[in-house]
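In: Just the structure for this:
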Amino acid sequence: MSETVEQFQRFGSGCQIHRKYQIEGEVCRLFEDWDEEGLFSYFEKKEEEATVNPKEEDATYRITLEFGEYKPVVLQGSFDKYGLPESWEDFATSLSRFLQNYGSGEILDPSAYNRARRRKGESIFCSVVFNEGSKPYHYLTNDDTLRVDDSVLVPVKSENRIVMASIVDIEYFPEDEAPYPMEKLRRILRKASDQDLEVPPEIACEPLPGRSPKGIRKSLGADPTEALLAEFYGKTSNQSGWLLYKAVNKRTAKAMPRWKKWKVLEEELSARIVEIIEKEKGGEPHDGKSSRKMSFDDALFAFMERNGYRDFLSWWLRQENP
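Out: Predicted coordinates:
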């Protein structure tokens, strides 16, 4: 196979369009589900069904099929429901989706030609949305590899949680021209991985059924091990998120009072975790003076990941091979 898809289109006598796609490996895969006998077969139509409107301009097509050493097959006729092969719609849909992946190239892509190079002293500002069509929010990043449409993990201050968002715009500004006060901006944690996009079955169930915040505090004690603190923080955070979802999305009246109690415990445990990380970095926690002071979210992530947990849409999961 030549590994190419070519399209010729004629508009009247003075306009012709020729598109050629040469994509090694992908064109073969596109045609794997089709064979020379089943690719195109005609409708069984009666003569009286093929009526013609004399006011309409006749549109015709010509398709050449080449399969290995077989003799080329030429199909042609009127470009309408009864003139096209029976399987044309399925084939056209498949081919259209395939070609849309390649578009018209960056030379005509506004997101490409409107992109400026980052200059010295400029910070990277990403506009992200949490749902399609929702209000965009600004986040900072140092990752030059991020692109528009990338999925990223970001902290949400109002909920003190980590969520997934989609980048819709990337801009560069010096600090004095920032579109939003720098001190109020949060940072993108990282680009979402394939593992982040896999929905685990355990998120459908209540994480700590029958347990209470008071009981968790008692189990932890005053000086828990890192592993125990990470375990109970993860479960407490999951319990808090699960109850909030029940209260807001499912409108379960009893969930909101329970959520508030678990949220208090979640904040207590997260503060203990950040204090541990800050002390390791050599700065007093929350004093605002240490140049090495990590952000709250970075410290929390670092602690959980080193203890074998990963965040999936604000849900802490134990990794199989931490």
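In: Only C-alpha atoms from now on, for both contacts and neighbour counts.
Out: Noted.
In: All the helices of this structure, residue numbers only.
Out: 26-30, 88-100, 110-113, 213-220, 226-248, 255-281, 296-306 (DSSP state H).
In: Which residues does the last one contact?
Out: Okay, so that is helix 296-306. Pro155, Leu189, Ala230, Ser270, Ile273, Val274, Ile277, Glu278, Arg310, Pro322 (C-alpha atoms under 8 Å, 6 or more residues apart in numbering).
In: if we can go back for a sec, which one of the helices of the chain has the lowest average pLDDT?
Out: The minimum mean pLDDT among the helices of the chain belongs to helix 110-113 (a mean of 68).
In: Can you say which of the helices of the chain is packed in most?
Out: helix 226-248 (a mean of 20; mean count of other C-alpha atoms under 10 Å).
In: same for that one, what does it pack against?
Out: For helix 226-248, the elements it packs on are helix 213-220, helix 255-281, strand 315-318, judged by 3 or more C-alpha pairs under 8 Å, 6 or more residues apart in numbering; DSSP states H and E.
In: Go again with 7 Å.
Out: Judged by 3 or more C-alpha pairs under 7 Å, 6 or more residues apart in numbering; DSSP states H and E, the packing partners of helix 226-248 are helix 255-281, strand 315-318.
In: closest to Pro179 out of the ones you listed?
Out: helix 255-281 (29.2 Å; C-alpha to C-alpha).
In: So, low pLDDT: which residues of the stretch 51-200 of the chain?
Out: Along the stretch 51-200 of the chain, the parts satisfying pLDDT under 70 run over 51-58, 67-68, 104-106, 108, 111-113, 157-161, 195-200.
In: Please, where are all the strands along it?
Out: Under the criterion DSSP state E, counting those that start in this stretch, the stretch 51-200 of the chain contains strands at 60-65, 73-78, 122-129, 137-141, 151-156, 161-174, 186-187, 190-191.
In: Make JSON lines from those strands and add distance to Gln100 and mean neighbour count to it.
Out: Below are those laid out as JSON lines (distance: least, C-alpha to C-alpha, whole Å; neighbours: other C-alpha atoms under 10 Å):
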{"stretch": "strand 60-65", "distance to Gln100": "21", "mean neighbour count": "12"}
{"stretch": "strand 73-78", "distance to Gln100": "25", "mean neighbour count": "12"}
{"stretch": "strand 122-129", "distance to Gln100": "24", "mean neighbour count": "20"}
{"stretch": "strand 137-141", "distance to Gln100": "29", "mean neighbour count": "19"}
{"stretch": "strand 151-156", "distance to Gln100": "20", "mean neighbour count": "21"}
{"stretch": "strand 161-174", "distance to Gln100": "19", "mean neighbour count": "19"}
{"stretch": "strand 186-187", "distance to Gln100": "33", "mean neighbour count": "18"}
{"stretch": "strand 190-191", "distance to Gln100": "24", "mean neighbour count": "17"}
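In: Need the ones you listed in CSV (columns: distance to Leu317).
Out: Listed next are the strands of the stretch 51-200 of the chain as CSV, based on distance: least, C-alpha to C-alpha, whole Å:
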stretch, distance to Leu317
strand 60-65, 51
strand 73-78, 56
strand 122-129, 24
strand 137-141, 25
strand 151-156, 15
strand 161-174, 13
strand 186-187, 22
strand 190-191, 17
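In: So what sits opposite the closest residue to Arg187 other than its chain neighbours in the bridge?
Out: With sequence-adjacent residues excluded and distances taken as C-alpha to C-alpha, 6 or more residues apart in numbering, Arg187 is closest to Leu140, at 4.5 Å. In this structure, Leu140 bridges to Phe125, Arg187 when assessed by DSSP bridges.
In: shift numbering so it begins at 2
Out: From this message on, residue numbering opens at 2, which makes the last subject Leu141.
In: Would you confirm that Leu141 contacts Glu123?
Out: No: using C-alpha atoms under 7 Å, Leu141 makes no contact with Glu123, being 11.1 Å away.
In: Would you mind giving the contacts of helix 297-307 as TSV with distance to Val164 added?
Out: Putting the contacts of helix 297-307 into TSV (distance: C-alpha to C-alpha, whole Å) gives the following:
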residue	distance to Val164
Pro156	6
Leu190	10
Ala231	19
Ser271	17
Ile274	20
Val275	19
Ile278	22
Glu279	24
Arg311	12
Pro323	21
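In: between the residues you listed, which is closest to Met183?
Out: Closest to Met183, out of all of these and judged by C-alpha to C-alpha, is Pro156, at 15.5 Å.
In: How much space separates Glu281 from Thr94?
Out: Remark: distance between Glu281 and Thr94 (C-alpha to C-alpha, to the nearest Å) = 57 Å.
In: cool, and Pro156?
Out: Counting by C-alpha to C-alpha, the separation of Pro156 from Thr94 is 39 Å.
In: domain parsing for the protein?
Out: 5-50+57-104, 112-192, 202-319 (automatic domain parsing).
In: Pull the distance from the longest one to the chain's centre.
Out: Put simply, domain 202-319 sits 25 Å off its chain's centre (C-alpha atoms, centre = their mean, to the nearest Å).
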